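1. Quick one, what's the 3D model for this:
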Amino acid sequence: MTAGRDTAGDVEPDPILVRQFQMLLLTVLLLVPLSLALLFPLVVHLVYRAPRVEERTTPQRYGLPFTQHWLPGVGNRRLYAWSIPKQESRATLVVVHGWGANAEMMLPLAPAFHAAEMDLLLYDARSHGRSDSDSFSSLPRFAEDLETVLDWVKQRHPDHRLVVFGHSIGAAAAILTASRRHDIDCVIGLSGFAHPRLVMNRHLDRPWLPRFLRPLIINYIQWVIGYRFDDIAPMNRIPHVRCPVLLAHGSDDNVVPISDMRLIEANATPGQPVRVLEIPGARHASLDRFKQQADRLIEFIHQAPASTPSRKARAGVDADTS
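-> Okay, the predicted model is just below:
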């Protein structure tokens, strides 16, 4: 008598179910990378979108006269601005705020410059403060907005000396703009970074972020803004700036280390009028400590020569009549 054979293991799987499973697996394999490809730019844009904070006060709080303006910007975007006039002024200080900030951020420094016989123009970059929104913010767009503002100031005050005072990315925009045009009399860069790649590397240095994603993110951002970081980096643009530059930086800045200031300084050409000012104990946005250095910033502005013959002539007239 022979034992019966167990035929349970010989059951053939349903070919229809097998095909359905294969199609499901193939769909998943196709959808996962496609979903990641679609989500990647969305996540990058969300992470690097500048936060919008509107002003809560005005120059009136500091006893300063002012008028509000909507300046025509790039792509028909309007820029919100405060003009703070000074009677008999011969210079306009254009103030550029940092990432996610607005005109109010630098307002506590305004009284000292106003008392030093300067007009001031503080404005919101696109997608900041009360200015119109745009698809994204970037260093080149900060520079575009600054150029728009400078042109507006020149139309109103063609004989004024132009001084640009920028903080953080505003400092980088000031250097980038001054490297492209030669009607700026001097630049003050406060807490500025040396290279966008350094900023990105610091921000992307997260233990949970896979290292292979870092170059992908950096390359994607360069593609979106339309510029290679090397072409817009302050440390690379500084040799092309003709006017005097003062780089001021807090010794305790934990957002942009003071070593960035040294990198920009080191890349200046021999004999180029680039000076540095280390502010003891100041962090990235230590306005109280920045205010303590106002006299030194104002002294730098007064010592800077005029950039154009017409302004030099006006400066000579003023000197003779003083």
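2. since we're on residue 290, how many residues are nearby?
-> Residues lying near residue 290 (other C-beta atoms under 10 Å) number 20. Where C-beta positions appear, they are placed from N, C-alpha and C, glycine not excepted.
3. swap that for residue 241, sorry
-> Residues near residue 241, counting by other C-beta under 10 Å, number 25.
4. shouldn't it be in contact with residue 176?
-> No - contact criterion C-beta atoms under 8 Å: residue 241 and residue 176 do not qualify, at 9.2 Å.
5. so what's residue 301 up against?
-> 91, 93, 116, 118, 163, 186, 188 (C-beta atoms under 8 Å, 6 or more residues apart in numbering).
6. Just the pLDDT for it.
-> For residue 301, the pLDDT comes out at 97.
7. mind checking the SS state of it?
-> The three-state assignment at residue 301 reads helix, by DSSP: H, G, I helix; E, B strand; the rest coil.
8. buried sites along stretch 245-261?
-> Across stretch 245-261, burial judged by 16 or more other C-beta atoms under 10 Å covers 245-250, 253, 255-258, 260-261.
9. Distance from that stretch to the middle of the chain?
-> Remark: stretch 245-261 is offset 15 Å from the chain centroid, using C-alpha atoms, centre = their mean, to the nearest Å.
10. repeat for stretch 178-194
-> Taking the mean of its C-alpha atoms, stretch 178-194 sits 12 Å from the chain's own mean (C-alpha atoms, centre = their mean).
11. mind listing what the closest residue in space to residue 248 that isn't next to it in sequence touches?
-> With sequence-adjacent residues excluded and distances taken as C-beta to C-beta, 6 or more residues apart in numbering, residue 248 is closest to residue 277, at 4.2 Å. By C-beta under 8 Å, 6+ apart, the contact set of residue 277 is 246, 247, 248, 249, 293, 296, 297.
12. Would you state the strands of the stretch 201-322 of the chain in chain order?
-> Using DSSP state E, counting those that start in this stretch, the strands found in the stretch 201-322 of the chain span residues 245-250, 274-279.
13. I'd like the ones you listed laid out as CSV, including mean pLDDT.
-> Shown next, in CSV, are the strands of the stretch 201-322 of the chain (pLDDT from 0 to 100):
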stretch, mean pLDDT
strand 245-250, 98
strand 274-279, 98
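14. Identify whichever of these lies nearest to residue 139.
-> Proximity to residue 139, assessed across the strands of the stretch 201-322 of the chain by C-beta to C-beta, is greatest for strand 245-250 (16.6 Å).
15. and the angle for the closest one with strand 274-279?
-> Angle between the axes of strand 245-250 and strand 274-279 is 20 degrees (criterion: axes from the mean of the first three to the mean of the last three C-alpha atoms, to 10 degrees).
16. Use 772 as the first number from now on
-> Sure, I'll start numbering at 772, so the last one becomes strand 1016-1021.
17. Check which strands are paired with strand 1016-1021 and give the direction for each one.
-> strand 957-961 (parallel), strand 1045-1050 (parallel) (DSSP bridges).
18. okay, these, which one's buried deepest?
-> Of all these, strand 957-961 has the most neighbours on average by mean count of other C-beta atoms under 10 Å, namely a mean of 28.
19. List the contacts of that one.
-> Residues from elsewhere that reach strand 957-961 (C-beta under 8 Å, 6+ apart): 934-939, 942-943, 945-946, 949, 1005, 1012, 1014-1020, 1035, 1061, 1068, 1071-1072, 1075.
20. Then stretch 824-831?
-> Contact with stretch 824-831 is made by 836-837, 853, 855, 871-875, 878, 881, 893, 895, 899-901, as judged by C-beta under 8 Å, 6+ apart.
21. From those residues, pick the one nearest residue 1053.
-> Ranked by distance to residue 1053 (C-beta to C-beta), these are led by residue 872 at 16.3 Å.
22. give the contact list for the closest one.
-> By C-beta under 8 Å, 6+ apart, residue 872 lies in contact with 824, 899, 900, 938, 939.
23. And the most centrally placed residue in the chain, how far from residue 899?
-> The residue lying closest to the centre of the chain (C-alpha atoms, centre = their mean) is residue 940, at 2.5 Å. Counting by C-beta to C-beta, to the nearest Å, the separation of residue 940 from residue 899 is 10 Å.
24. now, which of the contacts of stretch 824-831 lie within strands?
-> Under the assignment DSSP state E, the contacts of stretch 824-831 contribute 853, 855, 893 to strands.
25. residue contacts, the second one?
-> Spelled out, it's residue 855. By C-beta under 8 Å, 6+ apart, the contact list for residue 855 reads 830, 835, 836, 837, 881, 885, 890, 891, 892, 893.
26. Return the set of residues that bridge with the nearest residue to it once chain neighbours are set aside.
-> Leaving aside its chain neighbours, residue 855 sits nearest to residue 891 (4.1 Å; criterion: C-beta to C-beta, 6+ apart). Beta bridges link residue 891 to residue 855, residue 864, judged by DSSP bridges.
27. burial measure for residue 817, as a count.
-> Neighbourhood size, residue 817 [other C-beta under 10 Å]: 8.
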